[in-house]
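>>> please find the sequence and the predicted model below.
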Amino acid sequence: MTQPEAPLISVVIITRNEATHIAAAIEAVLPEVARYPGAEILVVDSASTDRTVDIARRYPVGVVRLSARWPLSAAAGRYIGDRLTSGQFILHLDGDMVLTPGWLETALPLMQANPHLAGVSGYWVNLTVENGRVVHRETLEQVDRPTPVKELGGAALYRRQALVEVGGFQPFIRSYEEPELCARLRHAGYTLLRLPGQICDHYGLPEHSAASYRRRWRSKLWIGCGQMLRYHLGKETFREVATLQGSIYFLSNLLGFAAFLGLSLLGLVSRKKPPLLVAGAGAGAAIGALYYKKRSLAAVALNLWLRGLIVLSGLEGFFTPPLPPDQYPTDVEIIQPIPAIKADHASQI
């Protein structure tokens with residue numbers, strides 16, 4: 001008996017307390033996949049305490065829930081989503097993202113025609129909403145032509161065969177799961193592209209704001225830069241991981257802070273001025289360069305705070321390496337099985 005052919009596309013939407021956005025996220029995806037026979041949509045929820053799951057189950061989509069007892073992260077949701085779907089290509093989205101109409105129709109043929117392509121994405125628009133009104137808007141990762149890149153973000157289309165070949169998402173990495181995966185894909189010889197079209201709207205805090213930094217610190221979302229370096233230490237893939245933007249930022253700031261503290265301590269212990277002068281001059285030059293770029297003392301202070309938080313988080317991550325992926329629990333709670341999307345479902349929204 002022959003096995004049924006896998007559907008062309010699966011969509012995995014990860015959520016945690018996204019009751020405000022999940023309906024819009026699903027409603028944007030449904031008409032975009034309705035043209036592909038057997039397409040799958042799966043919502044993977046990380047133990048939400050709001051109405052996210054209740055809202056999601058109203059739609060013709062699969063819904064599963066991870067246990068609050070498990071290590072929860074975006075990586076874990078993506079890992080489980082990939083295991084429970086079967087599409088030849090997998091579109092990953094977060095629950096606060098709204099897919100741009102027509103983007104998938106452009107990206108899928110490109111992936112089908114280029115077997116060396118492991119993943120593609122586009123630019124996205126970050127929107128901050130207060131009292132029903134957009135108060136901040138920023139465009140991120142915009143390019144004017146298809147551009148090879150080292151890493152993709154939370155909204156991206158992947159080739160399942162490539163993910164299987166490199167082992168897929170590492171569920172125990174707290175953050176930076178997409179860059180870490182992309183490093184392994186590039187090491188395996190695959191290409192990643194950023195397309196000039198917009199892939200989605202993303203609803204969240206401004207990318208570079210004190211509120212965003214506090215949220216990431218409390219959620220331990222910078223630990224991943226240290227975790228992925230530790231995970232690949234001694235492996236052939238370490239070079240690809242060490243040259244990622246997050247890794248370079250962490251390592252360069254770690255070196256800078258270590259040099260300043262080391263020279264300062266040496267000067268204080270030895271009671272000699274040269275180490276203190278060098279430390280002071282280095283710090284002054286760094287702050288001066290930041291001020292020249294930012295043109296604001298408040299922005300300089302915010303940037304230095306960010307650098308310190310990333311160094312502390314990265315060190316914590318380095319000394320808490322992730323477990324092997326096959327140790328992650330897979331006995332998820334199935335709230336609603338995955339239905340095959342039919343064309344008439346698009347009219348139900």
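Nice, I can see it.
>>> so where is this protein shaky, pLDDT-wise?
1-4, 341-349 (pLDDT under 70).
>>> closest to the centroid, which residue in it?
G154 (3.9 Å; Cα atoms, centre = their mean).
>>> nearest spatial neighbour of that residue, skipping sequence neighbours?
D94 (4.8 Å; Cβ to Cβ, 6 or more residues apart in numbering). Heads up, the C-betas are built off the backbone N, CA and C, glycines and all.
>>> and the strands in this structure?
9-15, 40-46, 62-66, 89-94, 97-99, 117-130, 133-140, 147-148, 156-159, 191-203, 333-336 (DSSP state E).
>>> please enumerate the helices of this structure.
Using DSSP state H, the helices of the chain run over residues 22-33, 52-56, 74-84, 103-113, 160-166, 177-187, 210-218, 223-232, 238-242, 245-270, 273-294, 297-318.
>>> among those, which comes closest to E333?
helix 52-56 (9.4 Å; Cβ to Cβ).
>>> if you count neighbours, what's buried in that closest one?
52-53, 55-56 (16 or more other Cβ atoms under 10 Å).
>>> list of residues touching that helix?
By Cβ atoms under 8 Å, 6 or more residues apart in numbering, the residues outside helix 52-56 that reach it are 15-19, 22-23, 26, 43, 45, 63, 65, 95, 335-336.
>>> drop anything exposed from the residues you listed.
Looks like these have 15-19, 22-23, 26, 43, 45, 63, 65, 95, 336 buried, using 16+ other Cβ under 10 Å.
>>> which one of the residues you listed sits closest to I173?
For the buried ones among the contacts of helix 52-56, the nearest to I173 is R16 (16.1 Å; Cβ to Cβ).
>>> check the helices of the chain for me and report the most buried one.
For the helices of the chain, average neighbour numbers computed from mean count of other Cβ atoms under 10 Å are highest in helix 223-232, which has a mean of 26.
>>> quick one: work out the angle between that one and helix 245-270.
Counting by axes from the mean of the first three to the mean of the last three Cα atoms, to 10 degrees, helix 223-232 lies at 90 degrees to helix 245-270.
>>> name the helices or strands packed onto helix 223-232?
Applying 3 or more Cβ pairs under 8 Å, 6 or more residues apart in numbering; DSSP states H and E, we find helix 223-232 packed against helix 177-187, helix 238-242, helix 245-270, helix 297-318.
>>> just the CA trace of it, in PDB.
What follows is helix 223-232, C-alpha atoms only, in PDB (Å, rounded to 0.1, in the frame of the first residue of the first chain):
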ATOM      1  CA  ILE A 223      20.400  33.300  27.400                       C
ATOM      2  CA  GLY A 224      20.300  31.600  24.100                       C
ATOM      3  CA  CYS A 225      23.300  33.400  22.700                       C
ATOM      4  CA  GLY A 226      25.500  31.700  25.400                       C
ATOM      5  CA  GLN A 227      23.600  28.400  25.100                       C
ATOM      6  CA  MET A 228      24.200  28.000  21.400                       C
ATOM      7  CA  LEU A 229      27.900  28.800  21.700                       C
ATOM      8  CA  ARG A 230      28.300  26.200  24.400                       C
ATOM      9  CA  TYR A 231      26.200  23.700  22.500                       C
ATOM     10  CA  HIS A 232      28.500  24.000  19.400                       C
END
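>>> check the offset of it from the chain's centre.
14 Å (Cα atoms, centre = their mean, to the nearest Å).
>>> contacting residues around that helix?
Contact with helix 223-232 is made by 75, 170, 172-177, 179-180, 183, 238, 240-242, 244, 246-247, 249-251, 310, 313-322, as judged by Cβ under 8 Å, 6+ apart.
>>> nearest to A210, of the helices and strands packed on helix 223-232?
helix 297-318 (6.1 Å).
>>> domains of the chain?
9-207+329-348, 208-322 (automatic domain parsing).
>>> ok, and the closest non-adjacent residue to I14?
Spatial nearest neighbour of I14, chain neighbours left out: G77 (3.4 Å); criterion: Cβ to Cβ, 6+ apart.
>>> now swap in I248 and tell me
Leaving aside its sequence neighbours, I248 sits nearest to A242 (Cβ to Cβ, 6+ apart; 7.7 Å).
>>> same question for L195.
G122 (4.7 Å).
>>> enumerate every residue touching the one you found.
The contact partners of G122, by Cβ under 8 Å, 6+ apart, come to 100, 103, 107, 141, 155, 194-200.
>>> picking that back up, can you lay out the helices of the chain as a markdown table showing distance to P329?
A markdown table is the format used below for the helices of the chain (distance: least, Cβ to Cβ, whole Å):
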| stretch | distance to P329 |
| --- | --- |
| helix 22-33 | 23 |
| helix 52-56 | 18 |
| helix 74-84 | 9 |
| helix 103-113 | 31 |
| helix 160-166 | 20 |
| helix 177-187 | 17 |
| helix 210-218 | 25 |
| helix 223-232 | 19 |
| helix 238-242 | 26 |
| helix 245-270 | 27 |
| helix 273-294 | 44 |
| helix 297-318 | 21 |
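>>> for H136, find the nearest of those helices.
That would be helix 210-218 among these, by Cβ to Cβ, at 10.6 Å.
>>> on that earlier part again, of the contacts of G122, which is the nearest to Y292?
E141 (25.2 Å).
>>> the closest one contacts R194, doesn't it?
Yes - contact criterion Cβ atoms under 8 Å: E141 and R194 qualify, at 6.2 Å.
>>> who's more crowded, these two?
More crowded of E141 and R194, by other Cβ atoms under 10 Å: R194, with 23 against 16.
>>> what about V11, how many residues nearby?
29.
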